[in-house]
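1. Got a sequence here, can you build the structure:
(chains A and B)
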Amino acid sequence: MTPGAELGIFAVSIAAGLIGALAGVGGGILVIPVLTFGFGVDIRLAVGASIVSVIATSSGAAAAYVRDRMTDMRVGMFLELATTTGAVCGALLAAVVAPAFLYVLLGLVLLSSAAMQVTRLGEETPPTDPPSALTSRLRLESSYPDRKLGREVPYSARRVPLGFALMWIAGVVSGLLGIGSGVLKVLAMDGAMRLPMKVSSATSNFMIGVTAAASAGIYLSRGDVDPRIAAPVALGVLAGAVVGARLLQHISNRAVRMIFLPVLVVVGLETIGRGLGFGL
Amino acid sequence: MNPERFRTMVSLVLAVGVAISAALIGAGFLAALAVGWQGSLLGSAPAAMAATTDFSNLPARLASLEPLAISQLGLFALLATPVTRVAASVVGFALEGDRLYTAITLAVLAVLLASIFLLR
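-> Predicted coordinates for the structure are as follows:
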C-alpha cells in the first residue's frame, strides 16, 4: 500500500456506508473491488475488511432506523432465525461444495431479480391486503412514519413462508460465498413479503450486522482482518452510514428503489465475475 | 416495557457500541499516524514484531499502548455490537411479555454465539 492510501480508503468507505445504509446492503460490493484493484490490497484482507464494513454499516445506521420506527424489529428477529441457521449450514457446506458454479448461479438470480425490480419502479407503497392468520399470529404487521408522504403508512407481511425460505437461502449464500446477503434480504422482504421499500431496506440493514457477526470470528481467527485496512474502512463506513440513515427519512420509497436497483445489478455482475475467476 | 422504550433501549445499545468502537479505532488510527502501526505510544519498540492481523495477547499489548492493539480492541467492540443488540432484544421482548418473540430471539442468540465460538 502506498502512503496516503488510508485517506483514499477512508473516502471510498464513506460512500460505501452512505449507499449501504440507504440500500440495505453491506457496502462490500464497493469496498472489495476498490481495495483490490484501486489499492492493491490482498483479496483475503479485502474480504476481511468487507465483513467489518457490513457490521459498521448495520450498527451505524440501525441506531437511527430503530429509533425512527423504520426498522421492523419483529420482522427482523423472526427472519434472523432463518438467516443465522442458514449461515451455519452455508459455512458447513463450504467444505464440500464447489463455489464457482454457485457464484454464477447467484449472479444470474440477482440479475433476473433486477429485471423484476424495473417493473416496480413506479410503485410508492405496496398494495395492502388483509393479513393472513400466520402474519397476525407472528405480529408481522405494523406501520412506519413516512416523512416524505407526511403520513403513517400501514403494512403487513405477505407470503411469510416464502420470505422465510428465501431468508434461509440468503443465510446459506452469505455463509458459503460471503457476499450478496444484503441484496437477497431486501429482495425477500420487498419482492416476496411485499413490505414497503424503506422498511425492507432498514430491516435488512438491521439484520446484516448479525449475519456478518456470525462469521466474523472465523475471519478474525484466520488472520483476515488487518487494522491497517479495516480501521480506515470502519471509520469511513460508520460516518457514511450515520449520514445515510438520516437521509432515508426524507426520500421516497421510489428513490430508495432507484438506489437499490443499480446496487443489485453491480452485485449480480461482480458475483458472476467472481464465479468466472476475475478476482473481484 | 412499552414498545417505545424497547426501541429506545435497542437504539441506545447500538449507538453506544458504535461510539465506543469508533473512538477506539479512531484513537488507534491517529496513534498509528504518529508512531506507526507497529510502534508504541510509550516509545519502546514492541518486544516481538507481531503480525498486524494477530489479535492475540491483547491486554499486554494494550498496556504498552500499541496503536495496533487499540484499533484491534475497537474492532472487537464493533463486532460485539450486533451480538449485544440481540441480547438486549431478548430482554426487551421478555419485559414486553411477548413469549413467542423472547423464544425466537433467544434461539437467534444461541445460534449466533454457537457460530462465533464453534465455527473455526
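
2. So which residues of chain A form strands?
-> In order along the chain, chain A carries the following strands (DSSP state E): A:141-146, A:151-156.

3. Please identify the most buried of the ones you listed.
-> Across those, averaging neighbours per residue (mean count of other Cβ atoms under 10 Å in any protein chain shown) puts strand A:141-146 on top, at a mean of 17. The C-beta positions use only the backbone N, C-alpha and C, and glycine is treated the same way.

4. That one pairs with which strands, parallel or anti?
-> In the sheet containing strand A:141-146, its partner strands are strand A:151-156 (antiparallel), by DSSP bridges.

5. if you average pLDDT over the partner strand, what comes out?
-> The predicted model assigns strand A:151-156 a mean pLDDT of 94.

6. contact partners of that strand?
-> A:125-126, A:128-131, A:135, A:140-146, A:194-196, A:199 (Cβ atoms under 8 Å, 6 or more residues apart in numbering or on different chains).

7. shouldn't B:Leu109 be in contact with B:Ala87?
-> Yes: in terms of Cβ atoms under 8 Å, B:Leu109 counts as a neighbour of B:Ala87; the distance is 6.0 Å.

8. tell me which helix or strand of the chain sits lowest on mean pLDDT?
-> With no chain named, the answer covers chain A. Within chain A, confidence by mean pLDDT, DSSP states H and E is lowest for helix A:28-33 among all helices and strands, at a mean of 84.

9. Actually, chain B is the one I wanted.
-> helix B:58-63 (a mean of 87).

10. Can you get me a residue count around the nearest residue in space to A:Gly178 that is not next to it in sequence?
-> Counting by Cβ to Cβ, 6 or more residues apart in numbering or on different chains, A:Gly178 lies nearest to A:Val47, which is 6.1 Å off, once chain neighbours are set aside. Number of residues near A:Val47 (other Cβ atoms under 10 Å in any protein chain shown) recorded here: 20.

11. A:Tyr219 is in contact with A:Val47, correct?
-> Yes: with contact defined as Cβ under 8 Å, A:Val47 reaches A:Tyr219; the gap is 7.4 Å.

12. Pull out the buried positions in the top helix by length along chain B.
-> Of all the segments assigned as helix in chain B under DSSP state H, the longest by residue count is helix B:3-35. For helix B:3-35, the neighbour count (16 or more other Cβ atoms under 10 Å in any protein chain shown) marks B:6-7, B:9-11, B:13-15, B:17-18, B:20-22, B:24-29, B:31-32, B:35 as buried.

13. can you give me how far it is from the chain middle?
-> The chain centroid and the centroid of helix B:3-35 are separated by 9 Å under Cα atoms, centre = their mean, to the nearest Å.

14. quick one, it and strand A:141-146 angle?
-> For helix B:3-35 against strand A:141-146, the angle between stretch directions is 60 degrees (axes from the mean of the first three to the mean of the last three Cα atoms, to 10 degrees).

15. still on that earlier bit, how far away is the residue nearest to A:Gly178 from A:Val225?
-> Distance of A:Val47 to A:Val225, computed by Cβ to Cβ, to the nearest Å: 10 Å.

16. which residues do those two both contact?
-> A:Tyr219.

17. so who does residue 55 touch?
-> Let's take chain A. Shown here is A:Ile55, whose contacts under the criterion Cβ under 8 Å, 6+ apart are A:209, A:212-213, A:216, B:78-79, B:81-82.

18. actually chain B
-> By Cβ under 8 Å, 6+ apart, the contact list for B:Phe55 reads A:220, A:225, B:72, B:76.

19. Can you report how many residues neighbour the second one?
-> Neighbouring residues of A:Val225 were enumerated by other Cβ under 10 Å; the total is 26.

20. So it is in contact with A:Gly48, correct?
-> Yes: A contact is recorded between A:Val225 and A:Gly48 when judged using Cβ under 8 Å, the distance being 4.3 Å.

21. between these two, what contacts are shared?
-> A:219, B:53.

22. rewinding a little: list buried members of the contacts of A:Ile55 by neighbour count.
-> So, of the contacts of A:Ile55, A:209, A:212-213, A:216, B:78-79, B:81-82 end up buried under the neighbour-count rule (16+ other Cβ under 10 Å).

23. pLDDT check: weakest of those residues?
-> Within these, A:Ala216 has the lowest pLDDT, namely 83.

24. quick one: that residue and B:Phe117 touch, right?
-> No: with contacts defined as Cβ under 8 Å, A:Ala216 does not count as touching B:Phe117, sitting 11.7 Å away.
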